[in-house]
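K.L.:
next come a sequence and a model predicted from it.
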Amino acid sequence: MWTKAGRAWLAALEFRANDAAVQRDALLREIQSLDRQVMMSEAELRRISRESPAILQMVQLRGFGSRTAEAVVASLEEWRRRPT
């Protein structure tokens, strides 16, 4: 369901009850909307990663991809912001 082929298959299904098709179409539109939001969020994360010296250094370490480095840096920054 999460691939283009899966969504095309789902969109092509015929239902006896029209309300099932209407609900399916609404859910497919919602998935498309969520996909756009994810793409925008990922673009913002890429921008932040390119500007963060800590992330740029961390991805040089073996086993650290960009998302892992982003999560570690975000966690450390959150810890620093907490009152002592």
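P.N.:
Yep, that arrived.
K.L.:
can you list contacts of the lowest-mean-pLDDT helix or strand in the chain?
P.N.:
The weakest-scoring helix or strand in the chain, judged by mean pLDDT, DSSP states H and E, is helix 66-81 (a mean of 84). Helix 66-81 is contacted from outside by L45, R46, I48, S49, S52, A54, I55, M58, V59, F64, using CB atoms under 8 Å, 6 or more residues apart in numbering. (C-beta placed from N, C-alpha, C; glycine too.)
K.L.:
OK, contacts around the nearest residue to the last one once chain neighbours are set aside?
P.N.:
The shortest distance from F64 to any residue that is not its chain neighbour, by CB to CB, 6 or more residues apart in numbering, is 5.0 Å, and that residue is M58. For M58, the contacting residues are F64, T68, A69, V72, V73, taking CB under 8 Å, 6+ apart as the criterion.
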